[in-house]
Structures are given as structure tokens and as C-alpha cells.
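Asks: What follows is a predicted protein model with its sequence.
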Amino acid sequence: MRNSRQALKNPEQEVRIFRWRSLLAAFLVVALTATLMGRLAYLQVVQHEVYITRSEKNRVRVEPLPPTRGLIYDRNGVLLAENRPTYNLTLVRERVEDLEATLALLVELLELPEDEVEAFRERSRQRQRPFQPALLMSDLDEVQIARLAVNRHRLPGVEVEAQLLRYYPDAEIMAHALGYVGRINAEELQTLDTGNYAGTHFIGKTGVERQYESLLHGQAGLRQVETNARGRVLRELGRSDPVPGQNLTLTLDKELQTLAYELLDGRRGSIVAIEPASGEILAMVSAPGFDSNQFVTGIDTASYRALQDDIDLPLFNRAIRGQYPPGSTIKPFLALAGLAEGVITPDTVVRDPGYYQLPNDTRRYRNWLRWGHGRVDMERSIAVSNNTYYYQLAHELGIDRLHMHMTRFGFGQRVGHDVFGESAALMPSREWKRGRFNQPWYPGETLSVGIGQGYWMVTPLQLATATAVLANRGEWITPHLARAVGDEPVVMAPAPESVHLENDQWWDRVFSGMEKVLTGHEGTARRTGVGLEYRMGGKSGTAQVFSLGQDQRYNAEELAERLRDHALFMAFAPLEEPRIAVSVIVENAGGGSTHAAHLARAMTDAWLLEEEAPEVEELRERIESDNGRVAGN
Amino acid sequence: MNRFEQLAPWRSRPVRPPQSGISRRKSVWTRLHLDPWLLALLLVLMGGGLMVLFSASGQRLPVVQAQATRFVAALVVMLLLARLSPASLMRWAPVVYGGGLLMLIAVEIMGDIGMGAKRWLVIPGVMRFQPSELMKLAMPMMVAAYLCRRPLPPRWQDLLVCGVLLALPVLLIARQPDLGTSLLVACSGVFVILLAGLSWRFILAMGALAAAALPLLWMNMHNYQRQRVLTFLNPESDPLGAGWNIIQSTTAIGSGGLTGKGWLGGTQSQLEFLPERHTDFIVAVLGEEFGLVGMLTVLVLYLLIIGRGLWLANTAQDSFGRLLAGSIVLTFFIYVFVNVGMVSGILPVVGVPLPLVSYGGTSSVTLLAGFGILMAIQAHRRLLPR
């Protein structure tokens, strides 16, 4: 009886139970909340004095331990970037009682020159997270440290902090390739992992230092320290050690890099050398360089302005951002495109009267040799750098096929694996021109592109990469700067599709043409080829800075130095089994391609021959004497 | 009512009389199925929470923006859930519960390990999902759906079924290990049973049994969990290790005093003495910077939310709605009590966030989803008082 009645639902009773129980729950909620409030009142009112003292004394606090930045070596283990112990002046604004007075005292103690005082004050005001030390000055000298130590009691919130500072032993030579570290700025602070960078003042700004920042930086540690009332550390209570950044071994060869820089000394230009088999960048120089150590400690305004305003643009990394018309250096690539498309065979002969004319057009596109080269086949067209041959070839290929084939050699693209800030330069196409100028492509423009002029722009790195791919008989390699991180070799992303030719012997024919550039009796760089101890292929090029009108003649002496042509040369050696591919660009060298060719030869000599490369001085004299005689395009 | 209606009263619910006074001047709130008072209180809490979070995150705006974005998403979820009828919630309860249970088992087998615990289920490229969060809502839904078809107060055999429904997910979550969430899930189920009218004798007996089981629990705890209990009993025993959080958080709160050190002015908080200060320990920042006045304001705000919630629960039209709504509201209180109690040092450290103030998206969504269900229940309440 009882059971059956219970089995029925009784809504009224259910509501009653719920009302009663929820009322009870409400009482409990209020009671428990009152308990919390009581506890809080106890902490915040009754015990307030105890806790305010404890919090003000801050007896124990956690400090970040910045990790040691990884070192950077060249391929032979020569140190390129190291860490030097230095003393920095830091200031925690929140701990300073009177900021103005403290700064005034510091300026007096450090004997700062007038012009630096403002920058000094600026740094103290820089937006920081609360209670984070702001870096006022790096690299204090011993006198300054001693003075600060004596006056410590007058300077609450000011600390002299020992820190490892980045140092580049060969700053000028390595500046562009390595990049540099600098103070973390407000912008970077927004995006950084603040936990990991809590004790770090410096961050990679450009180059390898920037590209591999996360690996070089390491993991920050922590330590718990006991401090006095002024926040000064008395004793360490516990710590978790930071994990130092990983060391980086680069593919660069310091000696080759140094040679390249010396070769360019006094000029503007760039040299890039790549090992064709691996894509390892052996040297990557942009001249003039600059002292990157200045940027580590914080460069003063005057020096920075001087670097920025320098007409030679020393801060500009020509090797990866400089855009130059490739000139005739791209003729071997065009010949390969012609062979691949069946537009020419290696034995196709073009008769050169000294100019080329499009059908139904009176304009004459000139060869660099006014009276023409006569009968020209493919190998000779490369050796003498005939223009007419390539006008015709480019015209028959058309811009679309030309663009497609040149893109496969990396032109118009970022080619590097770990090269920070690389420019893609420009490989023009029909679509590009429509997008850029909203104009159709004109056939005459294809002719300009056919001799590496017009809209076509390359970076020295692109040219060296294309040369390496050519030397590899089309097999792609991705140029890179890092060889190993710690003990682990760097893993490369799969390379793009290789360039295939129907007939493998066509490579040999193109190589033969390139060899004749250096050793042929009418080769454009035959003076450079004198006394070669190995087989070498190359191609000269001249990039016009100043364009000539129809039928005008070029006279180097009449032009101001900066309007002279850029000299280019690309080369690889040895022919049979290439071990080095080089691109050289010397701005406003004038006098044809000789200058660049000599530098390229010096690079291959240094890399391939046991004995010392020719003395740079000696070489320079040879270049001077050659410049008198104009060698060719 | 005939027997059929008694078992499933919602099925025979008469169509709302079209001429009733209320429906004639249907407000925007009625149409959205929202309770304006509850919504207003929640929004005030969330707004204040964002302000505290800005300070607690070391004044990083992106953190606040991320939290605000999650709030918006959570509010949308709330709005959508408020559209549902209690009847469909009840119909879906077994499916949601069963699905949640399956996912918990999946986590057990192949879950993603984050921060030393297996809590996440990852569908690669699609989403990361914490099934235990779903359980916080599925559990009271299931128990309420089960009990509301039975006569109340519940009989012994029904209690046994509820016990099994409760134990399975709670144990699975505790194994992850996630003590905080398993505690919340257990509470959400237990509250349904208590509100359904569990006899006092039974409650007392269970209490005694639990006390007896404490040593057993101790033996089954992970080392870090035991450490937390020991630390709670005597924080000074290990001032740099496990006691660090408690000492620093009580120092922060205590040094705040009556009116606090001012927004962004908390030395303890801004100095990074406080670990996890923008997640579970955010109360310490609140206490330090806004003082007792700020703390009491926030606690009163919570009390108002809970009071309004319990009021709405009482207006629900059937047992299912009542029980579910009551459980959701009381579980919300458990969050507040456990979190504030832990940070102020009267409860051991358990990973429970301060609802709608601590940084964290998943719990905000779950909480507001719960309030969405609450609003769905109030929107379908009886129109005329009995």
C-alpha cells in the first residue's frame, strides 16, 4: 500500500520539497559566503599590518635568469659571434623615489657628455612593464662601476648588472650575413613571449641573428632571492637554471668571406659563393660593410645618421636585397631555355650584322659590337656575348616561355632557405606588367629581357643560386646559411623541381660556351682566364645604369662615376665536378665586365687551389691596367 | 492530470493563451528567452572581470581581447541554449551524457597530454576539446532527467542508479587527473539529488561514510595532490615550494587592506610574486588592488546572481527544470567558494577558476551555457502562480 502510493508522483509535494531545500541551500550559500567575507576581513583588516609589512619588505622575490645566447661559428669552427662579459646600468622606475634627482646624479657620476644625456633620459622613460628593469647604459667602464658602487645608498632602484654582451670579432666583414642583435624595442615587446624574455635585453634584429633567434636565445630560468627593503639581493634561495641557446655552425667560410670583402674594398658591390652540390653559402658579402658591434651597445644618433645618410648605403644588404639588371650573365640560361623549347639547337647559326630588327619595325636593337659578330652559333654567342643571337632567341621564345624557364632557375623568387629579409627581385611577365602598369606586353620588351635588361632584376644571391643549379646540370639546391644547430645538421625543406633537358649533352655545349668566355681567343673575359689551373665556366654581364639613346655611343670617361655601368660576372669551377659557384657584382665599375671577372677568378682560385690566392693588391693593379682596355660586354 | 501527464507533464502543456496579459506586451527579453536581471548581473561581473584581468595579465591588452572574444562566443552559446525548451533538453540528456562519457573514455585511451595531465581530446586540425567541461552540464541534465520521471523523494533503487551515473564520469575525470573538475562534476550531480529531496538520514549516513573513506582517498591520491593538502595545513612548511602560492596570495590579499592599492598598483601582483595570477589566483590581484571593499562587492555580486538563479529555479514548471536549474546555480556557487577559499587560504589548492573572472575560455563557455539553460527553463515557466 505504502509502496504503490510512493510510486505515484506528487507534484505538489515535489514543489514543496524543492522550495524548502532551495531555501536551505540559499541559507548555506549566504553562510559560506559570510565565512569567506570573514576570512577576507581577517586578512585585510585585522592582519593588514602584518601583510602590508611583508609585502613592502618583499623579502623574497623571483628574478628571471636570462639564458646565454648561442655562439655562431663558421664552417671550420672559427668564432663569428661571441658573448663578452660587460656591466650594464639598469633602473627600476617603481623603486626610484625621485626619478629626476636620480637621473641627475647618475649623469654627474658617469660624466656623461651633454649630447648623450637626452638619450639617457629617453631610455629611462621608455615604456616598460611595471617593475621591470630598464637598461640605461651598456658597457660601463671600471671607473664608472666604482663610482656607482660608492654611491649605492643614494641610488635606490639603480643596479649595476653583469651581463654577457654580443661581440662580433669580424664585424665589418660579417655584418650583413650575420646580422646583429640590438635592444628589444617597444614594438617587439608587444609580440614577445614575455616570460622567456623577462631578463633578456637583446634580440636578433637582422640576418642569421634574427632568422635563428628562437634557437640562439634559449630558455630563461628563474631564481628566488631574498632582498632587503630597497629590493637589493642579499641571498639566493633557490633557482632553476636557464637553458642556454644553441650554438650555430654556419656554411660560411670565414677566409673566403674575408677575401671577398677585401676584393670589394673601396667599391660598392656584392659577392656570393655557393657550393653547388649542397647549396651551402660559402661567402655572402655586401660592400661596404659596417661595424655591427655599434648596434649591440646602442649606436648613438650621430653615428647612425652618418651610416644612414652615407651615399654608399653601407646598411643596405646588396647580396640579398640589391636589385640589379642581370645583363648578359643570363645568356646561358636563355640558351638552355631555347634548347629545351626546340627554338634552337646547339648548332643553330644566326647572322649578326650588328643589330636586330623586329619584323615591320625600323628600330634597330644593337649588338654591343657595332659592326657585328658575323656568323654566330650558340657556343660563340655565349663566348663573345653576342646580343643579336639573343634578341632573336628571346623573340622566338616569347615572354611567356621565357618567364617560365627563368622562374625554374629561381629568378623572381626568394631562393634562400634561412636568409632573412631576402628580396624576390623581379622576373617580368605579361601578367606582372598588366598588374603593375595596366599595359600589354610589347614585343620590344621581350628583346630587352633577352639580354638581361628592361624590367628584369636579380639579386646577387639569385644569380649565384641559378649558377649553382646550372653547374649541377639542373639539379636544384636550396642555398642556406646554417650548417648545424648544436650537433644536429640542419634539415632542409625539399628543393623545388629540377630543370630537365631532353639531351644531357646540351649542358656540355653550354658549359663549353661558358668556358670559352674565359679561355676562348675572343672570350669576353679572356684576360681573366690567363693561367687557369682548372677548367672554369663563366659569363660576363654589364648592367646599364644610364640608358643610351638610339645609336648613341658609350664612353665611360665622360660619365660621372655613379652613372657608369655595373660589372657582373657569374662563374663555376671546376667544369667537370663543380665545387663553387660565384656571382660578383661591382657597382659602377665601368670598363666592361673585366673587373667582376677578376674577382670571380680570385674567389675560385682561393677555394680550389691549395696555395694562397693572389694578393689583393696585385690583383687590383691588374684590374686598373685592364680597365684601360675595354674588353667587351 | 492523468497518469501520463504526470509522468511527462510537458507533453500536455496547454498552448499559451494568446490573450494573456503578459504575452500581449511581450518584451524583447521574453522574445529572446532572457532574464534581464540575471543577464545584467552577469555582464557587470564579466566587465569587472576584464578590468581585473588587464592588471593581472601584466597589462597585456591581447590577453584581455582574447578573453573578451571568448565572452562574446560564450554569450552566443547562452543565447542559443536559451531558445531550447526544457522538454528537448530532457530528451537529449541521455545522448549528451552518453556522448560525454564516451569522449572521457576516449581521452583515457588516447587523450592529448597538456601540463602533465590528460584532459584534451584533439581532432587534428579541427579542434581541441575538453570532454570534462561538457560533463559539468551533462551530469545534472542526466540525473535530473532520470529523477524527474520517478516519484520524489527518490527511492533507494533510484539513488543507486544515480550513484552509478555520478561515479563513472567523476572517476574518469579524477584519473586524468583533474581534481577540480571532478569535484565540480560530482557537485552538480549531488545537488540534483539533494534538491530532489534525499532523506536527511541518508545524507547523515553518507557524510559519516565519507569521513571514514578519507584515509582511503588519501592513499589513492597523487603525490602532488597530497602535497597540496599538506601545504594547506601548514603553508610555512615549504615556503619556496608548494606553499609559495598560498603565502604569496594571502600576502597579496592581506596587504590590500580596506580599500586596496588601486587598479594596476598591486606590488605583489605586478611584481610577479604571484604565480598563475591571471588564471586561478586572480582573486589575489582583486584583493590586493581593490581591497576588502572590492572583494565584498564581487562576492555580493555573486550572491545576487545565485539568488536570482534560485528564484528562477523555483518558478520552473516541472521537476526537471527545477532540479537542473537549482543544480546549475549551486554548482556556480561551488566555483566561487572553492576558488576564493583556496586563494585566501582556508581550502586546499584545487584547480578551480573564479567564474567569469579568471582567464580561460572553456570554463566561461560552460558557465554561460549553464546560465543559458537556466534562462531556457525560466522562459518556459508556468505563467500563472499556482
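Replies: Nice, I can see it.
Asks: Any regions of the stretch 201-350 of chain B where pLDDT drops low?
Replies: For the stretch 201-350 of chain B, the stretches flagged by pLDDT under 70 are B:228, B:231-244, B:268-276.
Asks: Now it against chain A: closest residue?
Replies: Nearest to chain A, among the residues of the stretch 201-350 of chain B, is B:Gly254, at 2.7 Å (CB to the nearest CB). Placement of C-beta: from N, CA and C, glycine included.
Asks: Report the contact partners of A:Thr33.
Replies: Residues in contact with A:Thr33, defined by CB atoms under 8 Å, 6 or more residues apart in numbering or on different chains, are B:Leu299, B:Tyr302, B:Leu303, B:Val336, B:Phe337.
Asks: returning to what we had before: list phi and psi for the residue of the stretch 201-350 of chain B closest to chain A.
Replies: In terms of degrees, to the nearest 10, the main-chain angles of B:Gly254 are phi -60, psi -40.
Asks: contacting residues for it?
Replies: B:Gly254 sits next to A:Leu43, A:Gln44, A:Gln47, A:His48, A:Val50, A:Tyr51, A:Ile52, A:Arg54, A:Ser55 when contact means CB under 8 Å, 6+ apart.
Asks: residues near the third one, how many?
Replies: When counting by other CB atoms under 10 Å in any protein chain shown, one arrives at 16 neighbours for A:Gln47.
Asks: hang on, the earlier thing: excluding its backbone neighbours, what's nearest the residue of the stretch 201-350 of chain B closest to chain A?
Replies: Nearest residue to B:Gly254, sequence neighbours excluded (CB to CB, 6 or more residues apart in numbering or on different chains): A:Tyr51, at 2.7 Å.
Asks: who touches that neighbour in this structure?
Replies: A:Tyr51 touches A:Leu43, B:Thr250, B:Thr251, B:Ile253, B:Gly254, B:Ser255, counting by CB under 8 Å, 6+ apart.
Asks: In a strand, it, correct?
Replies: No - under the criterion used here (DSSP: H, G, I helix; E, B strand; the rest coil), A:Tyr51 is helix, not part of a strand.
Asks: Might you list the low-confidence residue ranges for chain A?
Replies: Filtered on pLDDT under 70, chain A yields the residue ranges A:1-8, A:56-61, A:126-132, A:227-233, A:546-559, A:591-592, A:610-617, A:619-620, A:622-633.
Asks: Indicate the residue of it located nearest to chain B.
Replies: As assessed by CB to the nearest CB, chain B sits closest to A:Tyr51 within chain A, at 2.7 Å.
Asks: Can you tell me which of the contacts of A:Tyr51 comes closest to A:Thr258?
Replies: Checking the contacts of A:Tyr51 against A:Thr258 by CB to CB gives B:Thr251 as the nearest, at 58.8 Å.
Asks: Provide the secondary structure category for that closest one.
Replies: Under three-state DSSP, B:Thr251 falls in the helix class.
Asks: That one reaches A:Thr53, doesn't it?
Replies: No - counting by CB atoms under 8 Å, B:Thr251 does not reach A:Thr53; the two are 9.8 Å apart.
Asks: out of those two, which sits in the more crowded spot?
Replies: Each of B:Thr251 and A:Thr53 has its neighbours counted (other CB under 10 Å); B:Thr251 has more, 25 against 13.
Asks: Quick check: pLDDT value at the residue in the stretch 101-250 of chain B that chain A sits nearest to.
Replies: Minimum separation of the stretch 101-250 of chain B from chain A (CB to the nearest CB) falls at B:Gly197, amounting to 3.9 Å. Confidence at B:Gly197, expressed as pLDDT, is 84.
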